[in-house]
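Trainee: for reference, the sequence and a predicted model appear below.
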Amino acid sequence: MQAPLPPFRLGLTGGIGSGKSTVGQMLVEAGAALIDADAIARSVTAPDGSAITAISQVFGSEFINAEGALDRDRMRSLVFSDASAKQRLEAIIHPLVSLATQSQAQTAVNAGHSLLVFDVPLLVESGRWRAQLDGVLVVDCEVATQIERVKSRSGLSAETVQGIINAQATRAQRLQAADWVIFNEGLPLDALKIQVHQIMRDLSCKV
Ligand code: ADP
């Protein structure tokens, strides 16, 4: 009997408003398992999250709010004034996020998924992700389109959206990290879906 092939671990990233979540949903509809790195990162610092006890021990109970979650505003001010605090916080959070991510990936594999899509908004920025992935799909579009999409989705001003974009990796930096690129510009959703399916067919040679 042949051993089962290992799953293909695809990183999915893109700037805000690029259409990354839309592509992620299309991949799921086509049979992939989606693992949301942001949601996992938030969950470890949510009420009763796995990082709460350690954060309280290392930083003090005043960093945990009445609901039992990380007090983000307080931590943000500390991290802003003390660079080593950021390292200490990351030393708590990153291993727990890795553990939870691996556990979700294993659950997906046990359920029979051979394509695992890791939705990582800051994949290029964080650096530590690349080694855990077999390939990276970048969803790209013009900055003006990002701004228009996010403005109409969230009601944020163009200046605020531009500020978020400025804090993210540049398009060129993301494209450099890409094994596949979807240029989600002027594409009707059904044309976008055709591109997503093409990449899945491409991947099925490897999965
Ligand atoms: P991201 O996850 O990258 O921030 P989303 O997938 O949420 O972006 O897309 C941002 C907005 O743009 C959403 O409202 C989405 O429906 C819309 N959108 C994305 N791609 C297209 C497209 N090709 N055609 C029409 N609307 C799109």
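Mentor: Thanks, I have it.

Trainee: tell me the SS of residue 137?
Mentor: Using DSSP: H, G, I helix; E, B strand; the rest coil as the criterion, the local structure at residue 137 reads strand.

Trainee: identify the residue nearest the residue nearest to the spatial centre of the chain in space, chain neighbours excluded?
Mentor: Nearest to the centroid of the C-alpha atoms of the chain, with distances taken as CA atoms, centre = their mean, sits residue 120, at 1.7 Å. Nearest in space to residue 120, with sequence neighbours left out and distances taken as CB to CB, 6 or more residues apart in numbering, is residue 37 at 4.4 Å. Where you see a C-beta, it was placed from the backbone N, CA and C, and this is true even at glycine.

Trainee: mind checking the longest helix of this structure?
Mentor: Among all segments of the chain classified by DSSP state H, the helix with the greatest residue count is helix 83-110.

Trainee: check which helices and strands it is in contact with.
Mentor: The criterion is 3 or more CB pairs under 8 Å, 6 or more residues apart in numbering; DSSP states H and E, and the helices and strands that helix 83-110 contacts are strand 33-36, helix 37-44, helix 52-59, helix 72-81, strand 115-119.

Trainee: now do the buried residues in the second one.
Mentor: Translated: helix 37-44. Judged by neighbour count (16 or more other CB atoms under 10 Å), helix 37-44 contains these buried residues: 37, 40, 41, 43, 44.

Trainee: and of those residues, the nearest to the ligand?
Mentor: Minimum distance to the ligand across the buried residues of helix 37-44 is 12.7 Å, recorded for residue 37 (CB to the nearest ligand atom).

Trainee: which residues are in contact with the closest one?
Mentor: Contacts of residue 37 were listed using CB atoms under 8 Å, 6 or more residues apart in numbering, and they are 97, 101, 118, 119, 120, 121, 129.

Trainee: so the fifth one touches residue 126, yeah?
Mentor: Okay, so that is residue 120. Yes - here residue 120 lies in contact with residue 126, judged by CB atoms under 8 Å, at a distance of 7.4 Å.
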